[in-house]
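**Student:** sequence isn't available, so here's the structure alone:
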């Protein structure tokens, strides 16, 4: 009986996941669940489908325990051709990644509020059809202590992308300045930017 109930629950999870994905535009297909509400469903569905790309991994530590990571989302802002022209890129250079902007918005928040950890970056590939595995890491620090390190692995073609990991601060979040070190890596290519936000 329990196995039948589990099978039915699995089917319902898959149906809900399929319906939600069917309504998402192609450029948002990398969106997935983080550690906030709905995380269990997203993780279960990803595991069953055998594809967890786009899922936010890593948690919140220290002064951010009790907070939550929301849905990961992205948009492609420029095509490969536009990005290649902007950077005067030559295919002989191999795959390259360049962070154009990293920000935390709003810059000042209160405990219990939300802050968006955004990034805009270029992926430069040798050919139009090249696909590369890209890892986005956002290391959150309070002083010298790492209090969070959400990470997302996705597959990208050439182009310029923006992505976001929403962070809900716990009501007990320590006040002060938090540093976010954003890193994008594709193979041997990597780029890093730093930004901050204040909890008051």
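**Tutor:** Arrived safely, thanks for sending. Every value quoted in this text rests on a predicted model; they were computed, and no experiment measured them. Residues are numbered from 1 along each chain as shown.
**Student:** from here on, just use CA atoms for contacts and neighbour counts.
**Tutor:** Fine.
**Student:** what does stretch 158-170 contact?
**Tutor:** For stretch 158-170, the surrounding residues in contact (C-alpha atoms under 8 Å, 6 or more residues apart in numbering) are 64-84, 111-125, 128, 130-131.
**Student:** no, scratch that, I was asking about stretch 104-116
**Tutor:** Under the criterion C-alpha under 8 Å, 6+ apart, residues 67, 117-118, 164-175, 180, 195-200 lie in contact with stretch 104-116.
**Student:** if we can go back for a sec, out of the contacts of stretch 158-170, list just those in helices.
**Tutor:** 80-84 (DSSP state H).
**Student:** I'd like to know which of the contacts of stretch 158-170 are buried.
**Tutor:** Among the contacts of stretch 158-170, those scoring as buried are 64-65, 67-80, 83-84, 111-125 (criterion: 16 or more other C-alpha atoms under 10 Å).
**Student:** nearest residue to residue 76 in space, ignoring adjacent ones along the chain?
**Tutor:** In this structure, residue 76 finds its nearest non-sequential neighbour in residue 161, 4.4 Å apart by C-alpha to C-alpha, 6 or more residues apart in numbering.
**Student:** look up how far residue 192 lies from that neighbour.
**Tutor:** The span separating residue 161 from residue 192 equals 15 Å under the rule C-alpha to C-alpha, to the nearest Å.
**Student:** do you know the pLDDT at residue 191?
**Tutor:** Turning to residue 191, the model gives it a pLDDT of 98.
**Student:** and it, how many neighbours?
**Tutor:** In terms of burial, residue 191 registers 15 neighbours under the definition other C-alpha atoms under 10 Å.
**Student:** who are the neighbours in contact with it?
**Tutor:** Counting by C-alpha under 8 Å, 6+ apart, residue 191 touches 97-99, 183-185.
**Student:** which parts of this protein are strands?
**Tutor:** With strands called from DSSP state E, the chain shows them at 56-57, 68-69, 73-78, 96-105, 108-109, 114-124, 131-142, 145-148, 151-157, 159-168, 176-186, 189-199.
**Student:** out of the ones you listed, the one nearest residue 89 is which?
**Tutor:** When the strands of the chain are ranked by proximity to residue 89, the top entry is strand 114-124, at 7.3 Å, counting by C-alpha to C-alpha.
**Student:** pull out the buried positions in stretch 135-147.
**Tutor:** Going by neighbour count (16+ other C-alpha under 10 Å), the buried part of stretch 135-147 is 135-142, 146-147.
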